[in-house]
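Chemist: I would like the atomic coordinates for the input below:
(2 chains)
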2 protein chains.
Amino acid sequence: MFILDSSSPVPLYTQLYHQIREQILSGKLPAESRLPSVRNMASELSASRNTVDGAYQELYAEGYIYSRPRSGYFVSALDQEVAPQATSGKPGRNDYLPGPPSCFAYDFHPARLHPESFPAELWRKCFIDGLRRNSQQLVQYGDPQGDWGLRCSIQGYLERSRGVTCDPDQIIVCTGLQQSLEIVAQLLKGSHSVVAVENPGYHLPRSVFQNHGYTIFPVPVGQGGMDLNQLKDGNSTIAYVTPSHQLPLGYVMPVAHRLALIEWAESGGRFIIEDDYDSELRYHGKPIPSLQGLRPSGNIIYSGTFSKILSPALRLSYMVLPYSLLATYRQLYRAYFPSVSLLEQRAMANFMEQGHWERHIRRMRMIYKKTHDILLRAVDTHFGTRAVVVGQGAGLHVVLMLPDTRQSEAEIIDRARQRGIWLYPFSDFHMTGQPEAATLLLGFGGMKSCEIEQGIAILSQLC
Amino acid sequence: MFILDSSSPVPLYTQLYHQIREQILSGKLPAESRLPSVRNMASELSASRNTVDGAYQELYAEGYIYSRPRSGYFVSALDQEVAPQATSGKPGRNDYLPGPPSCFAYDFHPARLHPESFPAELWRKCFIDGLRRNSQQLVQYGDPQGDWGLRCSIQGYLERSRGVTCDPDQIIVCTGLQQSLEIVAQLLKGSHSVVAVENPGYHLPRSVFQNHGYTIFPVPVGQGGMDLNQLKDGNSTIAYVTPSHQLPLGYVMPVAHRLALIEWAESGGRFIIEDDYDSELRYHGKPIPSLQGLRPSGNIIYSGTFSKILSPALRLSYMVLPYSLLATYRQLYRAYFPSVSLLEQRAMANFMEQGHWERHIRRMRMIYKKTHDILLRAVDTHFGTRAVVVGQGAGLHVVLMLPDTRQSEAEIIDRARQRGIWLYPFSDFHMTGQPEAATLLLGFGGMKSCEIEQGIAILSQLC
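Modeler: Model (predicted):
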């Protein structure tokens, strides 16, 4: 599409010349492609034939186009050197695709859910009901913190199931943990500059806080979660933790540690970010109380998500801000708009209000408990005493340590790939250091029982 | 909900005591509320009666609860001083509601769309089709840059209608301009620190870049858009502009100015953020070529949205990054996830692929042209020569300057409010200085014809 501006001092034919030239240089008009006839181009642009002819003559004179008798003008093949650098050096589409690039027979990705698990029919009903009742609300911006009804539903759910004590006022509906962390990074900037993270731990908080100019302080993880002595020895004033099911090692932080961590935060105006990402998926034992519930008035930012039970593709999560941050949040974000579609928020609110969410959790917990148990049995059968399992009993992955294996992680991943097995590199969780023994992260959420059994059998031959 | 951890060294009754005490202090358990009986609490917690009795006795001894014969334990009324500060100072819910707090008969909000305009039935079909075809995709994360099909549709649309020349690879699907700006602020940080914005201009870029630590350089706006001489005199290396319809004054940047602005950027490794927010809504004259289309290989970040034509509540927008920023984007954001729901992206892609989007634009353009013309006629009728209209012919608002009015903006807004008219304060667009004359911003998107006529009649009596 070319656009001519008759109010411009630049002659129309020159404007057209520049625009066609640009398309040729950028490759948009490839070599040997035919230009429209002078008559057609003129009519398309509502311009005179002289204008088009002038532009074509100039392009012809400079060698950008050539003519064939009775066929019209065609784009010349240009030397590589002439083309702008940006175009020739452009990155390919596949440089940035996340996760497995193609289908694997055995995909141990830790963030896949059961392939048939999305409750499409219920979601359809909840969505359509929300659309029917809210289509007039769609002509304006909604509440920047999130739909009030959804926040009330989340508040009730968190209180019942996680012991989180908060007002819907403290809840912010987000598009995922990364948005929560972006907000927190901005709220705490200025008075905070060092963030403690678990090592090994989730890469996302490292990325987000680094992108916001923070220094990352990796703290080793033991069976009680983040090592509090090492935390206290550092100068971080923010700690990001996954106390319900440490990512990736799966340890649960005991209540005594939780209280000590809270004490660390309270004693120095420090903040805890509690990522309760898969607290719903515990297969054995009592529920673990949330840090926020232990000290609702503390400096604890609680983050939860619908990604692990319902769908990672819906991009729906929530964060509970402590009262101490609400005023700053409202100051910094007063000009902002909501991030999650109102229709999706209304669908989720309906889904929760009608009890589907808690029923879905129970259903998924049963399904994943079954695959979890099958995985453990398969590991026991095929690896026996060669493997030490860590972090079982919750979530969507377990960790396998292989003390006697001499191969590097890269070798194992590569050999597995050749046999149709996709493994997430455990080393990605390490900011510093590496695990002492070969370590495999086995996500089982997206796998069928038979795939688990076969996949583990093949893996056991490779390691 | 109380949770006891039997593996903790803290006695169970002490754990329970602390949790109940916390709820009392936070006001969650209000004064005079009755505690469950020892028997019921014990059964609910799967704990012994001794545990519950121990906790109650301790709370009783410290005065947190009192007993009534044959009725059980009740929460005591505590002194204000005992309650934690955060709770007593908590902000109210209404501190942060955006836009008009209640319904006005005449709502001149500039970001409201026609109340009946959302194509609910078409959207329902597109959504359900997307859900049906993609429910298995919902169990995993999607492409962080956005659904490929949607990006292809956006690319085609931008090329046809806006002359934007790009690959789908350069497109990032976002939740709105604010997310685009957040990304740009991070991409350019380090090598850039001063952002030029239009004055008067949109408040959002100011907020986002300020929150990211940038200095804001306000540049006056004339009939040609941002004053390029003043821009060149400053030391900014990023310019945020609304060249198709300056927000709020509605001026269109002529092509000569556009080329000069591009030249400014190219000559010094500087960047232009082109916010093409309501380019689709031009009621007279030729389409205005986008800056990006004039120099696709330049340092121009193009931003567009579905908010102005389809719905601001869907939170769907897009950004075209120049190739020069793609590598940095992929480096900084490689660990990130998409922000927009896959279902919504698929619905939008269907909506575009089936031609509904471009039909909807044409339909809305006709509707808004009608209300736009009615507004201008009403202003002419009721204000006559008292008012100068600025920025007509495009978008969803016009600006009314009233050179002879002596009242302040606050007075006018307040008097209008008493007559049922809601006005957006024009002064919000000014970062520095104030308009010379009383200036009204009249959004007409959400108004019916009769409301416009009556609202303007009332306004003309007030000013």
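Chemist: Could you check which helix or strand contains A:R362?
Modeler: Per DSSP states H and E, A:R362 falls inside helix A:356-383.
Chemist: And the next helix or strand past that helix?
Modeler: That would be, after helix A:356-383 and using DSSP H and E, strand A:388-390.
Chemist: Give the buried residues for that next one.
Modeler: For strand A:388-390, burial by neighbour count (16 or more other C-beta atoms under 10 Å in any protein chain shown) applies to A:389-390. The way it works is simple: take the backbone N, C-alpha and C, and place the C-beta from them, glycine included.
Chemist: Check stretch A:327-347 too.
Modeler: A:329, A:332-333, A:335-347.
Chemist: What distance separates the opening and closing residues of that stretch?
Modeler: End-to-end distance of stretch A:327-347 (C-alpha to C-alpha, to the nearest Å): 29 Å.
Chemist: Centre of the chain to that stretch, how far?
Modeler: 19 Å (C-alpha atoms, centre = their mean, to the nearest Å).
Chemist: How about that stretch and chain B, any contact?
Modeler: Yes: using C-beta under 8 Å from any C-beta of the partner chain, stretch A:327-347 reaches chain B at A:327, A:330, A:332, A:334-344.
Chemist: My read is that A:P289 contacts B:V10, right?
Modeler: No: checked against C-beta atoms under 8 Å, the pair A:P289 and B:V10 is beyond contact range at 11.8 Å.
Chemist: Looking at the two, which has the bigger crowd around it?
Modeler: Neighbour count, other C-beta atoms under 10 Å in any protein chain shown: between A:P289 and B:V10, A:P289 has more, with 24 against 15.
Chemist: where does the more buried one land in three-state SS?
Modeler: coil (DSSP: H, G, I helix; E, B strand; the rest coil).
Chemist: can I get the CA coordinates of the lengthiest strand in chain A in PDB?
Modeler: In chain A, taking DSSP state E as the definition, the longest strand is strand A:215-222. Provided in PDB are the C-alpha atoms of strand A:215-222 (Å, rounded to 0.1, in the frame of the first residue of the first chain):
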ATOM      1  CA  THR A 215      21.100  -7.600  42.200                       C
ATOM      2  CA  ILE A 216      20.300 -11.300  42.600                       C
ATOM      3  CA  PHE A 217      21.600 -13.100  45.700                       C
ATOM      4  CA  PRO A 218      21.300 -16.900  45.300                       C
ATOM      5  CA  VAL A 219      20.700 -18.800  48.500                       C
ATOM      6  CA  PRO A 220      21.200 -22.600  48.700                       C
ATOM      7  CA  VAL A 221      18.200 -24.800  49.300                       C
ATOM      8  CA  GLY A 222      18.100 -27.500  51.900                       C
END
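Chemist: for the helix or strand just after it, what is the average pLDDT?
Modeler: Heading C-terminal from strand A:215-222, the first helix or strand you meet, by DSSP H and E, is strand A:225-226. The average pLDDT for strand A:225-226 rounds to 96.
Chemist: elements contacting strand A:225-226?
Modeler: In terms of contacts (3 or more C-beta pairs under 8 Å, 6 or more residues apart in numbering or on different chains; DSSP states H and E), strand A:225-226 is packed against strand A:194-199, strand A:238-241.
Chemist: circling back: contacts for the longest strand of chain A next, please.
Modeler: Strand A:215-222 is contacted from outside by A:193-201, A:206, A:209-210, A:226-227, A:230-231, A:234-236, A:239, A:246, A:249, A:251, A:431-432, using C-beta atoms under 8 Å, 6 or more residues apart in numbering or on different chains.
Chemist: And the residue of the stretch 351-463 of chain A that's closest to chain B?
Modeler: A:G446 (6.2 Å; C-beta to the nearest C-beta).
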